[in-house]
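[1] only geometry, no sequence info:
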């Protein structure tokens with residue numbers, strides 16, 4: 001049977017695709033259920049690890065993350081998302097640099113998105129890693145993936161970070177722990193329980209809500225200031241400054257941005 005005959009056999013008399021076979025629907029349902037079960041098992045295991053991390057921190061007192069009491073030498077910002085999300089996160093880098101001007105700030109991003117941050121003067125180093133390679137079970141059997149993960153861990157540990165900022169997602173929380181940073185900051189609902197030393201209230205927006213209005217919404221950030229600890233309030237101030245900076249950028253004429261981009265591309 002030729003390709004055209006096979007395509008015609010999969011449509012009805014009116015040219016619409018036929019309903020999928022029962023076996024195909026059953027297979028899709030099994031795959032979806034299996035992924036859900038594996039995801040819950042992983043979350044349970046990570047929660048147990050987070051419990052041990054929390055027990056290890058009991059009794060320790062951490063100073064507030066203010067410039068007067070906290071002096072980091074190196075900061076790691078983790079954002080493993082696409083280009084648009086990474087661009088929005090660069091305001092966090094700028095706010096951190098204003099708060100800790102003497103600190104070196106590194107960025108951990110996807111290889112496909114990291115180039116957009118290569119011209120940011122506030123970044124000392126850009127580290128790339130793609131955790132999406134672990135989505136398939138067969139990735140666990142490939143030595144290359146394990147070598148890359150071990151190499152990344154050694155590189156992060158070698159930088160001796162004082163602070164790791166998990167901007168979004170569970171993978172960012174895992175890598176923040178692997179970095180060895182004694183202070184780890186992020187929204188609690190976006191990572192695994194116990195992974196952050198300074199867990200902030202809030203989390204990701206709704207599934208179909210756009211990132212931009214959520215990132216620039218300072219009211220939801222400042223509303224928590226009166227009910228949070230000093231360490232949390234200092235990070236909320238940084239987030240508020242970042243959102244204000246992004247609003248000012250949005251008011252600038254677009255032709256200036258385009259001319260700057262053209263100049264950089266030409267060089």
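    Alright, I've got the coordinates. This structure is a prediction, so every number in the text was calculated from the model and none was measured.

[2] could you pick out the longest helix of this structure?
    For the chain, the helix with the greatest residue count under DSSP state H is helix 22-57.

[3] partners of whichever helix or strand comes after that helix in the sheet?
    For helix 22-57, the succeeding helix or strand toward the C-terminus, using DSSP states H and E, is strand 74-78. Strands that pair with strand 74-78, judged by DSSP bridges, come out as strand 104-109 (parallel), strand 163-166 (parallel).

[4] same list, those strands, but as CSV with mean pLDDT please.
    As requested, those are exported to CSV (pLDDT from 0 to 100):
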stretch, mean pLDDT
strand 104-109, 94
strand 163-166, 93
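
[5] just these: most buried one?
    Greatest average neighbour count among those goes to strand 163-166 (a mean of 28), per mean count of other CB atoms under 10 Å. C-betas here are computed from N, CA, C, even on glycine.

[6] buried residues in the next helix or strand along the chain from that strand?
    Using DSSP H and E, the helix or strand that follows strand 163-166 towards the C-terminus is helix 170-178. Judged by neighbour count using 16 or more other CB atoms under 10 Å, the buried positions of helix 170-178 are 170-177.

[7] returning to what we had before: from the contact counts, what lies against the longest helix of the chain?
    helix 170-178 (3 or more CB pairs under 8 Å, 6 or more residues apart in numbering; DSSP states H and E).

[8] give me the contacts around the helix it packs on.
    Contact with helix 170-178 is made by 46, 53, 76, 78-80, 108, 129, 131, 152-153, 156-157, 164-166, 184, 186, 190-192, 195-196, as judged by CB atoms under 8 Å, 6 or more residues apart in numbering.

[9] now that we have those residues, which of them are buried?
    46, 53, 76, 78-80, 108, 129, 131, 152, 156, 164-166, 184, 186, 190-192, 195-196.

[10] just the strands in the stretch 101-250 of the chain please.
    104-109, 125-128, 163-166, 183-187, 198-200 (DSSP state E, counting those that start in this stretch).

[11] can you add distance to residue 118 and give those strands back as a markdown table?
    Output for the strands of the stretch 101-250 of the chain, formatted as a markdown table (distance: least, CB to CB, whole Å):
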| stretch | distance to residue 118 |
| --- | --- |
| strand 104-109 | 10 |
| strand 125-128 | 6 |
| strand 163-166 | 19 |
| strand 183-187 | 24 |
| strand 198-200 | 28 |
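
[12] ok so, going back, with distance to residue 30 added, can I get the strands paired with strand 74-78 in TSV?
    Putting the strands paired with strand 74-78 into TSV (distance: least, CB to CB, whole Å) gives the following:
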stretch	distance to residue 30
strand 104-109	35
strand 163-166	33
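
[13] among those strands, which is nearest residue 42?
    Closest to residue 42 of these is strand 163-166 (CB to CB; 17.2 Å).

[14] what sits up against the closest one?
    Applying CB under 8 Å, 6+ apart, the external contacts of strand 163-166 come out as 65, 70, 72, 74-78, 92, 96, 103, 172-173, 175-176, 179, 181, 183-187, 190-191, 195-196.
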